[in-house]
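1. here is my input, please return the structure:
(2 chains)
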There are 2 protein chains.
Amino acid sequence: MKAAIITIGDELLIGQTIDTNSAWIGAELSKSGFDVCRITSVHDRREDILSALSEATGKTDVVLITGGLGPTSDDITKPTLCEFFNTHLVMNYEVLAMIEEMMIRRNWPVPMNDRNKRQAEVPESCMVLKNAAGTAPGMWFEKDGTIFISMPGVPHEMKYLMTEVVLPELNKRFTSQKIIHRNIMTYGTGESALAEILTEFESGLPESIRLAYLPATGIIKLRLTGTGVDQNAVSDLINEHVGKLYKTIPEYIYGENEESLEMVVGKLLKEEQKTVSTAESCTGGNIAHLLTSVAGSSAYFKGSIIAYDNTLKTQLLGVQDYILTKYGAVSENTAKEMATGVRSLLKTDYAVATTGIAGPDGGTETKPVGTVCIAVSSDRGTFSEKRSFGNDRALNITRFSFTALNLLRKQIIRH
Amino acid sequence: MKAAIITIGDELLIGQTIDTNSAWIGAELSKSGFDVCRITSVHDRREDILSALSEATGKTDVVLITGGLGPTSDDITKPTLCEFFNTHLVMNYEVLAMIEEMMIRRNWPVPMNDRNKRQAEVPESCMVLKNAAGTAPGMWFEKDGTIFISMPGVPHEMKYLMTEVVLPELNKRFTSQKIIHRNIMTYGTGESALAEILTEFESGLPESIRLAYLPATGIIKLRLTGTGVDQNAVSDLINEHVGKLYKTIPEYIYGENEESLEMVVGKLLKEEQKTVSTAESCTGGNIAHLLTSVAGSSAYFKGSIIAYDNTLKTQLLGVQDYILTKYGAVSENTAKEMATGVRSLLKTDYAVATTGIAGPDGGTETKPVGTVCIAVSSDRGTFSEKRSFGNDRALNITRFSFTALNLLRKQIIRH
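-> Numbers count the residues shown, from 1 in each chain, chains lettered A, B, ... in the order given. Sure thing, here's the model as predicted:
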């Protein structure tokens, strides 16, 4: 089961856009048991697209193509596919109706123009893959034993088509060796440190199970991949080793699969029917944003006070002036007062507060850029923590927020 | 001057690592006037590497290769290059001395082993590119009119070799055509609608200038690329057409290059020495997060009230009960009261408010998922807007936030 990926777009070749689509598709195809042999990126140029298509024909079972399906003149994937598959464009009225419906629903400011309509034209010989996430449909062709699937390059549209249409259909057609992945989400220690702790665990893994470390801004996903012909046997073996992992590093595991810290915190609050609020300085609303990015968060999230300016810390959150003067805005004492302040103002069971220096400026000798003080308040008291990270503003905001969510998580499961 | 990039590594094909090397190399080569025709990623597999090399031979002037030069058994680029260029490995004692020196300087815990020593072996026919950033040297080959350059896949090592050795040498050998890119950032209309408006502009472009549309969650980046031998002439021609673009779509252009809406809003507020606050319901703190993601934002951002729960809208922001009862929480009236409320509470010059239904649940017949009401308040009055988007929660939060930032931007520049 061989697969190839072709991504089309000038922006990829001149380095303006990093090709994240290929990585995502590669990961998904691998999970389904495909061997992705090659990724090719080419310009929106007829001859380059044609040669990439020709090279893949016959050599691979499936070719996944993204990009060049937009309504503008630089998008030439569709006519080039027509040329390659020796067919021509025809209007698809079902797709046209979908686009019209979407334009009305989204209340687009201008009426449908010819370009929008041309989005509904598809090569006559293809199977149309309906795209509920955008205006460009996906297209499925077959030639000389190879399946070609063309999708839009906009990541969320491509992901919609892959998840809803393409992967289920490919999985149906190709029966494969069973590959099972289990992802264990950890937070609180670095990759090398984790690898050191897991040395013995790793050396005890059977050949059919592989362990990979996938770090991302402080979160390290441990992926166990099991391979075999018998689904149940693979599954049992994976479960056994996941159990060992839980026994080895219980303090770092916060969830499984693609669960984020905010999803786990939300689940815990929902189970216990508790509410939460935040008082944020250096994280500037990011913790509130993370919490509310979870569907259904209104069940436990009540609101936040983003007190970027110190006057708001005193006037709205009731931080006492002498605390700010004596300990400074970036101090565990201030964080504690912010947490208790927002908890009583917004009447929630839990409250999280952050104050720190995200950078790149504003650091001092005793409180360098990357310093953060975090507090969590509940009816069991108010706990605080001081941490230091690096110099990158965006990374710091993410790390401060994750550390705060993790402290909140630990307080919730403590009782 | 045609170039190709080949990146080698299993991790790229299974999507474990996103290929950022290609984008970086592509950008650098474009700046030097190369047309990067193709990027190919292949496994650490002899036959896949060989076929990628063969395909590039004769067709391109330069092939940049990264990856597979490490000391472990899965790194097979070096023997495969030997096979392709019909040569064999010899020990390079200069490189060996560099590695020894580096190991001592870095205080490596283990003495030099055979694996380390093999890092100093290079194909006999190549020109060795010394790598002061790591242990694997770069290699420069020529065959049938094509130059092949092999570099390590570790990004900082590759960048060192490119910057210090490869690009200066390539620039010396190839007198180059100049390529200039200009990116114009737009918000507020779709790709098709924009293309419709720009039909005449596009048809008036000379052959040496190309226009590309790069959409991302509502923001459409228009990229003008000019090519020619005379840097100044290309630059003048690009400037002329950028000027035309500003005249054609002044209402949609908010900035240039990689500027985000929050950066532009921040710049405007800073220039005018004005402050801003937000009152957010459906965006849950994301507007505050975007504003504070910009370094130096404490100069104009004072804080926010995230009033997810309706009681906070009345108690903290002073939204009158009858407004909530008569018009509902998701209404332009409520958004206006939220904006004026937070502006007076936080004493800022501007205030933005959002209330809507991000989804996936919570929609009604008259107010479906994707509905948002936005208000901006300042001393020139309070303006509101009602918009509708799709069903995806994450996309809706982003779109609601961008639309709010854009409304704020328009209010700031209006006076």
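2. quick one: residue A:383 and residue A:373 touch, right?
-> No: with contact defined as C-beta atoms under 8 Å, residue A:383 does not reach residue A:373; the gap is 11.6 Å. Placement of C-beta: from N, CA and C, glycine included.
3. of these two, who's got more company?
-> More neighbours surround residue A:373 than the other of residue A:383 and residue A:373, with 27 against 19 (other C-beta atoms under 10 Å in any protein chain shown).
4. number of residues surrounding the closest residue to the more buried one other than its chain neighbours?
-> What sits nearest to residue A:373 in space, not counting adjacent residues and going by C-beta to C-beta, 6 or more residues apart in numbering or on different chains, is residue A:335, at 4.1 Å. Look at residue A:335: counted by other C-beta under 10 Å, it has 32 neighbours.
5. what of residue A:163?
-> For residue A:163, the neighbour count with other C-beta under 10 Å is 11.
6. what does residue A:126 give?
-> 23.
7. mind listing what it touches?
-> A:81, A:85, A:87, A:139, A:140, A:141, A:150 (C-beta atoms under 8 Å, 6 or more residues apart in numbering or on different chains).
8. one more time with 7 Å
-> Residue A:126 makes contact with A:139, A:140, A:141 under the criterion C-beta atoms under 7 Å, 6 or more residues apart in numbering or on different chains.
9. next: residue A:388.
-> Going by C-beta under 7 Å, 6+ apart, residue A:388 touches A:368, A:370, A:371.
10. what about it, distance to chain B?
-> Computed with C-beta to the nearest C-beta, to the nearest Å, the distance linking residue A:388 and chain B is 19 Å.
11. and that residue, how far is that from residue B:385?
-> Residue A:388 is 43 Å from residue B:385, where distance means C-beta to C-beta, to the nearest Å.
12. now do the contacts for the residue nearest to residue A:373.
-> The contact partners of residue A:335, taken as C-beta under 7 Å, 6+ apart, are A:353, A:354, A:355, A:373, A:374, A:375, A:384.
13. swap the cut-off to 6 Å and go again
-> Neighbour list for residue A:335: A:353, A:355, A:373, A:374, A:375, A:384 [criterion: C-beta atoms under 6 Å, 6 or more residues apart in numbering or on different chains].
14. switch these over to a markdown table; also include distance to residue B:292.
-> Putting these into a markdown table (distance: C-beta to C-beta, whole Å) gives the following:
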| residue | distance to residue B:292 |
| --- | --- |
| A:353 | 15 |
| A:355 | 13 |
| A:373 | 17 |
| A:374 | 17 |
| A:375 | 19 |
| A:384 | 22 |
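15. out of those, which is nearest to residue B:64?
-> Set against residue B:64, the nearest of the contacts of residue A:335 by C-beta to C-beta is residue A:374 (44.9 Å).
16. got the confidence number for residue A:276?
-> Listed pLDDT for residue A:276 reads 98.
17. ranges for the helices of the stretch 201-350 of chain A?
-> With DSSP state H, counting those that start in this stretch, the ranges of helices along the stretch 201-350 of chain A come out as A:231-248, A:261-272, A:286-292, A:310-315, A:321-327, A:332-346.
18. would you mind listing what in the stretch 151-300 of chain A touches chain B?
-> A:284, A:285, A:286, A:288, A:289, A:292, A:295, A:298 (C-beta under 6 Å from any C-beta of the partner chain).
19. what's the local residue count around the closest residue in space to residue A:281 that isn't next to it in sequence?
-> Once flanking residues are discounted, residue A:281 sits nearest to residue A:355: 4.2 Å by C-beta to C-beta, 6+ apart. Residues lying near residue A:355 (other C-beta under 10 Å) number 29.
20. where's the strand or helix carrying residue A:355 relative to the chain centroid, distance-wise?
-> Using DSSP states H and E, residue A:355 falls within strand A:350-356. Taking the mean of its C-alpha atoms, strand A:350-356 sits 24 Å from the chain's own mean (C-alpha atoms, centre = their mean, to the nearest Å).
21. and what of stretch A:336-352?
-> With C-alpha atoms, centre = their mean as the basis, stretch A:336-352 stands 30 Å off its chain's centre.
22. again with stretch A:22-40
-> 17 Å.
23. quick check: end-to-end length of it?
-> 9 Å (C-alpha to C-alpha, to the nearest Å).
24. does any bit of the helix or strand harbouring residue A:3 sit next to chain B?
-> Here residue A:3, judged by DSSP H and E, is contained in strand A:2-8. No: against chain B, strand A:2-8 shows no contacts by C-beta under 6 Å from any C-beta, the least distance being 8.4 Å.
25. what pairs with that strand, parallel or antiparallel?
-> Sheet partners assigned to strand A:2-8 using DSSP bridges are listed as strand A:35-42 (parallel), strand A:62-66 (parallel).
26. including mean pLDDT, could the ones you listed go into TSV?
-> Output for the strands paired with strand A:2-8, formatted as TSV (pLDDT from 0 to 100):
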stretch	mean pLDDT
strand A:35-42	95
strand A:62-66	98
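27. export those to TSV and tack on distance to residue B:315?
-> Shown next, in TSV, are the strands paired with strand A:2-8 (distance: least, C-beta to C-beta, whole Å):
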stretch	distance to residue B:315
strand A:35-42	54
strand A:62-66	49
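28. in JSON lines: the ones you listed, plus mean neighbour count.
-> Formatted as JSON lines, these follow (neighbours: other C-beta atoms under 10 Å in any protein chain shown):
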{"stretch": "strand A:35-42", "mean neighbour count": "24"}
{"stretch": "strand A:62-66", "mean neighbour count": "27"}
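29. wait, which of those strands is closest to residue B:397?
-> Of these, the one closest to residue B:397 (C-beta to C-beta) turns out to be strand A:62-66, at 24.6 Å.
30. which element follows that closest one toward the C-terminus?
-> Remark: after strand A:62-66, the chain's next helix or strand is helix A:77-84, criterion DSSP H and E.
31. who's in contact with that following helix?
-> By C-beta under 6 Å, 6+ apart, helix A:77-84 touches A:8, A:46, A:49, A:50, A:53, A:68, A:69, A:88, A:123.
32. okay, now the unreliable bits of chain A?
-> A:107-110, A:175-176, A:215, A:415 (pLDDT under 70).
33. and the residue positioned nearest the centre of it, how far from residue B:80?
-> Closest residue to the average C-alpha location of chain A: residue A:258 at 8.1 Å, with C-alpha atoms, centre = their mean. Per C-beta to C-beta, residue A:258 is found 36 Å from residue B:80.
34. deepest of the helices of the stretch 201-350 of chain A, which one?
-> helix A:286-292 (a mean of 29; mean count of other C-beta atoms under 10 Å in any protein chain shown).
35. list the contacts of that helix.
-> Contacts for helix A:286-292 (C-beta under 6 Å, 6+ apart): A:262, A:278, A:280, A:297, A:301, A:304, A:397, A:401, A:404, B:284-286, B:289, B:306.
36. rebuild these as JSON lines, extending it with distance to residue A:268.
-> Shown next, in JSON lines, are these (distance: C-beta to C-beta, whole Å):
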{"residue": "A:262", "distance to residue A:268": "11"}
{"residue": "A:278", "distance to residue A:268": "16"}
{"residue": "A:280", "distance to residue A:268": "20"}
{"residue": "A:297", "distance to residue A:268": "13"}
{"residue": "A:301", "distance to residue A:268": "13"}
{"residue": "A:304", "distance to residue A:268": "19"}
{"residue": "A:397", "distance to residue A:268": "23"}
{"residue": "A:401", "distance to residue A:268": "17"}
{"residue": "A:404", "distance to residue A:268": "15"}
{"residue": "B:284", "distance to residue A:268": "19"}
{"residue": "B:285", "distance to residue A:268": "20"}
{"residue": "B:286", "distance to residue A:268": "23"}
{"residue": "B:289", "distance to residue A:268": "23"}
{"residue": "B:306", "distance to residue A:268": "20"}
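37. go through these and flag which are in strands.
-> A:278, A:280, A:301, A:304, B:306 (DSSP state E).
38. taking those residues together, which two end up most distant?
-> Using C-beta to C-beta, the two most remote members of the ones in strands among the contacts of helix A:286-292 are A:280 and A:301, lying 13.0 Å apart.
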